[in-house]
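In: model the structure of this input:
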Amino acid sequence: MQLFYNTELKHTDKQFIFDKTESRHIVRVLRKKSGDNLFITNGKGELFISKIIIADDKNCTVAITSVDKKPKSWNYYLHIAIAPTKNIDRFEWFLEKATEIGIDEITPILCDHSERKIIKMDRSIRIIESAMKQSLKFQMPKLNSLTLYTDFIQQKFDSNLFIAHCNKTEKKSLKTVLKAHQNSTILIGPEGDFSTNEIIAAIDNSCTPITLGESRLRTETAAIVATQMVSFINQ
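Out: Numbers count the residues shown, from 1 in each chain. Predicted coordinates:
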């Protein structure tokens, strides 16, 4: 199955017209013709099965023949708050792989030791969208805008809250404190780690300090390990 994505699709729609870029891709690149089936998701747990009725490379039009509900393939809510890496490619790699594994929400956070203070939201969203389609998922992860750590940690969380850091203080292994079918928010710091004040603020906000193992991991690797560990615990 090749999956297309458009957030504006509603289950009541009978027809849909792709924009110029997507129309050209469908007609010129994929060489789809009238009568061919296309599969589209709105990223909200719905799969639209459609048939091309106008194979135009500027306004490819489809008729919606049926809509299927597609529940999440994981039974928990995972929110990763991560400081974007100095090398943006590494952060974007995390976005792609976490989406493939299964994640619900991502918040880039600006920390005391952050070296990157800007991210391109449009590009990040496109990477997540591509990974969602490639991995045949029907839920688009939520990507929040870059948020100050101090603002983020002061929120009220309806989930178990964890902070992964490298300070030589008491920490618990994530795999021992995770419980299946529960919601989790996991904080991953920048290359220079969280500052002492940030760790204290997290603990004061009922955040459990955790370790992801004996190895010192890169920021993006730590975030992927945490994402996969949550997935594994829930299998």
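In: which secondary structure elements does the helix or strand A63 falls within contact?
Out: Counting by DSSP states H and E, the element that carries A63 is strand 61-69. Judged by 3 or more Cβ pairs under 8 Å, 6 or more residues apart in numbering; DSSP states H and E, the packing partners of strand 61-69 are strand 15-17, strand 37-41, strand 46-54. (Glycine included, C-beta is placed from N, CA and C.)
In: contact partners of that strand?
Out: Strand 61-69 is contacted by residues 11, 13-18, 37-38, 40, 45-54 when judged by Cβ atoms under 8 Å, 6 or more residues apart in numbering.
In: need the contact list for I103.
Out: 78-80, 141, 227.
In: between those, identify the one with the most neighbours.
Out: Highest neighbour count within the contacts of I103, by other Cβ atoms under 10 Å: I80, with 26 neighbours.
In: list the contacts of that residue.
Out: I80 neighbours (Cβ under 8 Å, 6+ apart): 98, 103, 105-107, 185-186, 188, 223, 226-227.
In: repeat that for 7 Å
Out: Residues near I80 by Cβ atoms under 7 Å, 6 or more residues apart in numbering: 98, 103, 106, 186, 188, 223, 226-227.
In: show the pLDDT at it.
Out: pLDDT recorded at I80 is 98.
In: list phi and psi for it.
Out: phi -110, psi 120 (degrees, to the nearest 10).
In: for T99, same thing?
Out: The phi/psi pair for T99 (degrees, to the nearest 10) is phi -60, psi -40.
In: repeat for P108
Out: Taking degrees, to the nearest 10 as the convention, P108 sits at phi -70, psi 130.
In: for it, give me the pLDDT.
Out: For P108, pLDDT reads 98.
In: one more: the one 4 residues further on?
Out: You'll see D112 listed with a pLDDT of 96.
In: which helices and strands sit right next to the helix or strand hosting T227?
Out: T227 is part of helix 219-233 when elements are defined by DSSP H and E. On a contact count with 3 or more Cβ pairs under 7 Å, 6 or more residues apart in numbering; DSSP states H and E, helix 219-233 meets strand 78-82, helix 88-101, helix 174-177, strand 184-188.
In: no further queries at this time; thank you.
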